[in-house]
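>>> Sharing a model that was predicted from the sequence below.
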Amino acid sequence: MLKTIQRLLLVALYCFSVSNIQGQSDSADENILKELSLEKLLNLRVISVSKNSEFLFDAPLSASVITKEEIRRAGSTSIMEALRLAPGIIVREQTNGNYDIYIRGMDNVPPNSAFAGNSTTALVMLNNRPIYNYLKGGTFWETLPVDINDVEKIEIIRGPAAALYGPNALSGIINIITRRAEKDGFYSTANARTGSYSTYIANTSLEYRFNKQWSLAGSANFQSRERTQIAMYETFRNQWLTNPDYVISYINDTVLNPQEIYPHPARAMKKYAGNFYLNYDPAAKIKLGLSAGAQHSFSQRVSTENGVSPLSSVSSDSRYADLRAQINTLSAQVSYNEGTQAPDFQAGNKYDFTTLDINMEYAFVRRGLSIKPGLSYRNAVYDDTRYANVQAGNGIFNERALLTTVSGSLRAEYKLAQNKIRLVAGVMGSKFNYPDTSYLSYELAATWKVHKNHIVRAVYSTSSRSSTVYDSYVNQRFAFYPIGQNKYMQAQVEANRQLKLLTGNMFEVGYRGVITSRLSIDVELFSIRSNNYSAMMANDLYFKLEGSDTIVVMPYRTTNMPMSLYQHGLSVSLQYFTHKFQAKTFFTVQRSDMKNYSPYFNTPQAPPLPSNPNPAANNIYSGSGTTTPVESTPRVFGGASFSYLPSRKWTLNLNTYFYSSQTYYHASNAIFMDGVRGVDHIKGKCLINVNISHQLFKGLEISGSVRNALNDTSREFFQMDKVPVMVYTGIRWEFKN
């Protein structure tokens, strides 16, 4: 690694000398330096906040935009890493290039619960197309078919937004908007990077636009990353093991095939994908678009439970097609996604899936009034019958699982007082097949532009999360043993199709202002309450007969808890601009508390267990009247980015990301009850990254970057890999005709 650092420094010194020789007479290139301007910030347009193009400054919700220029200047190596450039997002690295991502937190709630996935309360979208995994909820980020090179911008909404986009936008929205050619002619770009721990990243795209109506584009991307360590943590023995001959599960079962569970112990990620885009704009108010693509990915990160370690091997193959149409004020989008996924490489834990999303909206606009009704339909089918062996007790849900959601929405906006006051109201009703009921999400927002450079806003919103395949269909036996003559005990996980859905509501006030011609500020105060949390619970025994055998069934069933989560916080963002310099800093201070939380994951009717011999007294209702702080969400987190353009050939960037200490409680803590296994105290951390890029000549740029320059090797997530300093070098080529 020292040799790599030396090479990087030599490249930087060489480029600096070239800049001094060739760049002395270069005046600032206005096209480049325009990127560092407050005017550009105020003129940024977003579509995710209201589904209409509007200035970010005027948005009625807490929103941020990460532009492609910011991503390039920061030297971000992936979309996941780039999210550290936005306020209000907690981004923690699990293994090299794999991250745990949450908007404002709400993670590891309730404590002592099983791993669910990633971003379970946020809705990730790609050009307004939901990217959501219905197995346990959340996003498999490595399965995104696009990468950095495809991104035009990333729009982020903080707070419940189901009234806009339907269920699962509980804590907010991350909408990835891809590039689109704006001028006739040919455009191509490619970049490649290599760095520490055998990291190789490549992206390329080709675009062609003609007749001001047609545009055609294609892109491809590839990533390969090794882990920063080979050892994996085994919970039962509380040890880090390297290539073990066997491993032991949480319930003291010896697993003799760790090579099957971990086929590539040194690999963090390997993925490749391709995309195709076709757009046709025959008239000013008619736009048609078609995109399609496919991806293959393998990663090692925290996924669903494998019963041994938080580290899981995950693979996915998927294909998608997305059709968008806008005719005057009528818009429609139909997207389809299919594939096969293995969430943990356990025998039988594999499934095929298809998801279908259909959305239609019509906008009625007259003077200051806008009314927009809409309809949407979501259909998710997960099927593991090809891979499961019910008799052997493996498989996840052992059938064809179907989740459907039918929604109707109405959104209205009204502007008055010469457009200084804006009132927004939205409501969406969603009917689910499981649970067989309807939920209402709504949003009430108002903005008051006190002055052209000062605006205040307030919003009250509520959202729900949809059901998951695991909650509604899971059927998995994990223990079976004799307890007498022709009598057996069977422990199994069972579905609960009438589970109440997780819901959240938020009240927020905010202010955006331009303090001077070079300084802007954005402040948001928020208060969030969420209810209907659930976890896998021990329930009362029941009996069944199989021939002459009596089976005593010990059911573990996902059950609603009487607890609520309360979160209160403040976020502040500051941006400062000069002709050649930009400083952007942001932080969030928040507190999260659970009311009526109990650490006992059983009902009063459950049988006595070694971990709880008196379930009638110690159960999910035992925490009534208590308040317990959430220790897994950092109370302070944020970042900063500083960019300097000494000439049109140079870009220097320093960015940081930090969070305070936290403690994660996993389900194994409730199993072992020793205060060690299942508990991880994660230290606070401040990451400092440096990126230097130099334009050798027009269209060709080289770069070098150091990630985690302070070499803080502490892990960022529950018993996952250490994150040391990493060094990257790269080259970027851009051609326009």
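Good, I have the coordinates.

>>> Contact partners for S409?
A163, E361, P373, G374, L375, S376, G426, V427, M428, G429 (Cβ atoms under 8 Å, 6 or more residues apart in numbering). Just so you know, the C-beta spots here come from the backbone N, C-alpha and C atoms, and that holds for glycine as well.

>>> just to confirm, which helix or strand has it in it?
strand 400-416 (DSSP states H and E).

>>> One more: T304?
Using DSSP H and E, T304 sits within no helix or strand.

>>> Which positions within the strand holding S409 qualify as buried?
A401, L403, T405, V406, S407, S409, R411, E413, K415 (16 or more other Cβ atoms under 10 Å).

>>> Those residues into TSV, with extra columns for distance to V308 and pLDDT?
Shown next, in TSV, are the buried residues of strand 400-416 (distance: Cβ to Cβ, whole Å; pLDDT from 0 to 100):
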residue	distance to V308	pLDDT
A401	25	95
L403	29	97
T405	34	97
V406	40	97
S407	39	97
S409	44	96
R411	47	95
E413	52	94
K415	58	93
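
>>> do you know how far L545 is from V552?
11 Å (Cβ to Cβ, to the nearest Å).

>>> quick one: D357 from N168, how far?
Distance from D357 to N168, counting by Cβ to Cβ: 12 Å.

>>> who touches both of the two?
Taking Cβ under 8 Å, 6+ apart as the contact criterion, the common neighbours of D357 and N168 are P130.

>>> Who has more neighbours out of those two?
Higher neighbour count among D357 and N168: N168, with 29 against 21, using other Cβ atoms under 10 Å.

>>> so who does the closest residue in space to the more buried one that isn't next to it in sequence touch?
Nearest residue to N168 in three dimensions, chain neighbours excluded: L123, at 4.6 Å (Cβ to Cβ, 6 or more residues apart in numbering). For L123, the contact set (Cβ under 8 Å, 6+ apart) comprises P130, Y132, A161, Y165, G166, N168, A169, L170, G172, I173, I174.

>>> Likewise for M506?
Taking Cβ under 8 Å, 6+ apart, one finds G159, P160, V459, Y460, S461, T462, F526, S527, I528, R529 in contact with M506.

>>> Check the second one and give its pLDDT.
P160 is assigned 91 on the pLDDT scale.

>>> For the stretch 251-400 of the chain, which segments are assigned as strands?
Applying DSSP state E, counting those that start in this stretch to the stretch 251-400 of the chain gives strands spanning 254-255, 267-283, 286-302, 311-327, 330-342, 351-362, 364-366, 369-383, 400-416.

>>> Output the ones you listed as CSV; include the columns distance to A670.
Output for the strands of the stretch 251-400 of the chain, formatted as CSV (distance: least, Cβ to Cβ, whole Å):
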stretch, distance to A670
strand 254-255, 21
strand 267-283, 29
strand 286-302, 18
strand 311-327, 20
strand 330-342, 27
strand 351-362, 27
strand 364-366, 54
strand 369-383, 28
strand 400-416, 27
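
>>> So which of those is nearest N112?
Across these, N112 has its closest neighbour in strand 286-302 (15.8 Å, Cβ to Cβ).

>>> Give me the helices and strands touching that closest one, please.
For strand 286-302, the packing partners by 3 or more Cβ pairs under 8 Å, 6 or more residues apart in numbering; DSSP states H and E come out as strand 89-95, strand 98-103, strand 267-283, strand 311-327.

>>> so can I have CSV of these showing mean neighbour count, distance to E69 and mean pLDDT?
Shown next, in CSV, are the helices and strands packed on strand 286-302 (neighbours: other Cβ atoms under 10 Å; distance: least, Cβ to Cβ, whole Å; pLDDT from 0 to 100):
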stretch, mean neighbour count, distance to E69, mean pLDDT
strand 89-95, 24, 19, 96
strand 98-103, 24, 22, 95
strand 267-283, 18, 21, 96
strand 311-327, 19, 25, 97
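
>>> can I get those in CSV with distance to S598?
Converted to CSV, these look like this (distance: least, Cβ to Cβ, whole Å):
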stretch, distance to S598
strand 89-95, 26
strand 98-103, 24
strand 267-283, 37
strand 311-327, 28
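
>>> In JSON lines: the contacts of L123, plus distance to N191 and secondary structure.
Listed next are the contacts of L123 as JSON lines, based on distance: Cβ to Cβ, whole Å; DSSP: H, G, I helix; E, B strand; the rest coil:
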{"residue": "P130", "distance to N191": "28", "secondary structure": "strand"}
{"residue": "Y132", "distance to N191": "29", "secondary structure": "coil"}
{"residue": "A161", "distance to N191": "32", "secondary structure": "coil"}
{"residue": "Y165", "distance to N191": "31", "secondary structure": "helix"}
{"residue": "G166", "distance to N191": "35", "secondary structure": "coil"}
{"residue": "N168", "distance to N191": "32", "secondary structure": "coil"}
{"residue": "A169", "distance to N191": "32", "secondary structure": "coil"}
{"residue": "L170", "distance to N191": "35", "secondary structure": "coil"}
{"residue": "G172", "distance to N191": "29", "secondary structure": "strand"}
{"residue": "I173", "distance to N191": "27", "secondary structure": "strand"}
{"residue": "I174", "distance to N191": "22", "secondary structure": "strand"}
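
>>> Tell me the secondary structure at the spatially closest residue to D540 that is not a sequence neighbour.
In space, and not counting its chain neighbours, D540 is closest to Q605: 3.6 Å by Cβ to Cβ, 6+ apart. At Q605 the chain is in coil, as set by DSSP: H, G, I helix; E, B strand; the rest coil.

>>> So that it lines up with my notes, have the first residue be 429 from now on.
I'll keep to 429 as the first residue from here, and by that count the last item is Q1033.

>>> for Q1033, what are its contacts?
Q1033 touches N967, D968, P1043, counting by Cβ under 8 Å, 6+ apart.

>>> Show me the beta-bridge partners of the residue lying closest to F1009 once chain neighbours are set aside.
The spatial neighbour of F1009 that comes closest, neighbours along the chain excluded (Cβ to Cβ, 6+ apart), is Y1072 at 5.2 Å. Counting by DSSP bridges, Y1072 is bridged to F1009, L1080.

>>> can you pull the contacts of Y1072?
K1008, F1009, T1079, L1080, N1081.

>>> That one and L1124, how far apart?
Counting by Cβ to Cβ - Y1072 and L1124 are separated by 19 Å.

>>> got it, and A550?
As for A550, its distance to L1124 is 40 Å (criterion: Cβ to Cβ).

>>> These two: who's more crowded?
Neighbours per residue, other Cβ under 10 Å: of A550 and L1124, the larger number sits with A550, 26 against 13.

>>> My read is that that one contacts I529, right?
Yes: shown here, A550 and I529 form a contact pair, counting by Cβ atoms under 8 Å, at 7.4 Å.

>>> Common neighbours of the two, please.
T567, I602.

>>> In contact with the closest residue to S1121 other than its chain neighbours, which residues are there?
In this structure, S1121 finds its nearest non-sequential neighbour in S1131, 3.9 Å apart by Cβ to Cβ, 6+ apart. Under the criterion of Cβ under 8 Å, 6+ apart, the contact list for S1131 reads G503, R621, N1119, I1120, S1121, H1122, Y1156, T1157, G1158, I1159, R1160.
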